[in-house]
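Novice: How does the following fold in three dimensions:
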Amino acid sequence: MSTYLVENPQAEGFMELASTNTGSNAFLGDPEQFEAGAGPDIANAGIALRQNVAKVAALKNDPTRTEVQKHEAAAVLAERTVAQLEKSKASIESRANELWNSAVTQSELTFAPKSDRGTLDSEIRQYLREQAGKPEGMMKIREAMKDKNVAGVVWHSPSFLLDINPANHQKLKVEVLEQHLPDAYKKVVDSLALRDLPAKYDKAINSVRTSFYNPALAAKAKLRVEV
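Specialist: Below is the predicted model of the structure:
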């Protein structure tokens with residue numbers, strides 16, 4: 001006999017997993033594994049999911065409610081859960097953008113081109129263009145980036161001026177941060193990790209709406225005749 005109101009393998013599998021710390025972490029992220037600023041939002045989402053799954057399970061054997069009333073109550077729990085997941089998702093997205101923008105600002109201040117380095121920067125760009133077309137060129141560019149002047153040119157120069165593929169250039173810019181601005185680099189890494197979460201939240205929200213209750217049964221509550 002099923003523990004939950006929606007009796008199909010997919011719904012029951014979601015509810016069973018979502019009732020545990022391991023399962024909710026899999027669906028929504030482990031707050032311990034992400035940047036501290038987003039940790040509480042991830043934790044709140046997990047708590048809401050687990051608590052409301054437990055309440056739906058309790059509704060299954062509630063002797064004071066009819067089957068329709070059970071699904072009506074579960075629908076309320078589903079929307080309550082979705083509201084918290086949406087709130088956490090928005091906060092996570094905001095935090096990811098905040099970290100990214102902070103890293104970029106810090107990097108721009110550090111690597112912004114300076115008028116007194118114009119000639120040197122031009123020579124560095126020429127060297128980078130020459131290396132970019134050689135088989136071992138990228139390795140030599142990475143070696144040269146240990147020098148902060150070279151790193152700055154890699155950071156602030158457009159890809160076409162360096163004759164480097166935009167995707168490869170972006171990787172080099174991240175490596176520049178890793179070498180010279182570890183704090184900004186960590187913010188970029190944390191931001192990218194957080195940006196993977198919203199899609200998981202959308203999937204979890206969909207699962208909540210299809211696993212907590214049967215919409216057709218919940219809708220019958222509106223047909224109740226008040227006396």
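
Novice: Does S211 touch S2 like I think?
Specialist: No: between S211 and S2 there is no contact under CB atoms under 8 Å: 11.4 Å. C-beta coordinates here come from the backbone N, C-alpha and C atoms, glycine included.

Novice: which residues do these two both contact?
Specialist: Contact with both S211 and S2 is made by residues E12, according to CB atoms under 8 Å, 6 or more residues apart in numbering.

Novice: More neighbours: which of the two?
Specialist: S211 (24 against 13; other CB atoms under 10 Å).

Novice: quick one, what contacts the more buried one?
Specialist: With CB under 8 Å, 6+ apart, S211 has these contacts: 4, 6, 10-12, 14-15.

Novice: can you list those residues in CSV and add secondary structure, distance to S122 and neighbour count?
Specialist: Output for those, formatted as CSV (DSSP: H, G, I helix; E, B strand; the rest coil; distance: CB to CB, whole Å; neighbours: other CB atoms under 10 Å):
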residue, secondary structure, distance to S122, neighbour count
Y4, coil, 68, 21
V6, coil, 67, 19
Q10, helix, 61, 11
A11, helix, 64, 19
E12, helix, 66, 15
F14, helix, 59, 23
M15, helix, 63, 24
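
Novice: What residues sit buried inside stretch 192-207?
Specialist: 193-194, 197, 200-201, 204-205, 207 (16 or more other CB atoms under 10 Å).

Novice: what residues does it touch?
Specialist: Outside stretch 192-207, the residues touching it (CB under 8 Å, 6+ apart) are 11, 14, 18, 27-29, 34-35, 38, 42, 45, 49, 82, 85-86, 88-89, 92-93, 95-96, 99.

Novice: What ranges in the protein fall below the confidence cut-off?
Specialist: In the predicted model, the chain carries pLDDT under 70 at residues 1.

Novice: That one: helices as residue ranges?
Specialist: With DSSP state H, the ranges of helices along the chain come out as 9-18, 21-28, 39-60, 67-111, 118-132, 137-144, 148-156, 159-162, 166-180, 182-195, 197-211, 215-219.

Novice: which ones are touching the nearest residue to P40 once chain neighbours are set aside?
Specialist: Setting aside the residues directly before and after it, P40 is nearest to P31 in space (CB to CB, 6 or more residues apart in numbering), at 7.3 Å. Counting by CB under 8 Å, 6+ apart, P31 touches 25, 38-40, 42-43, 46.
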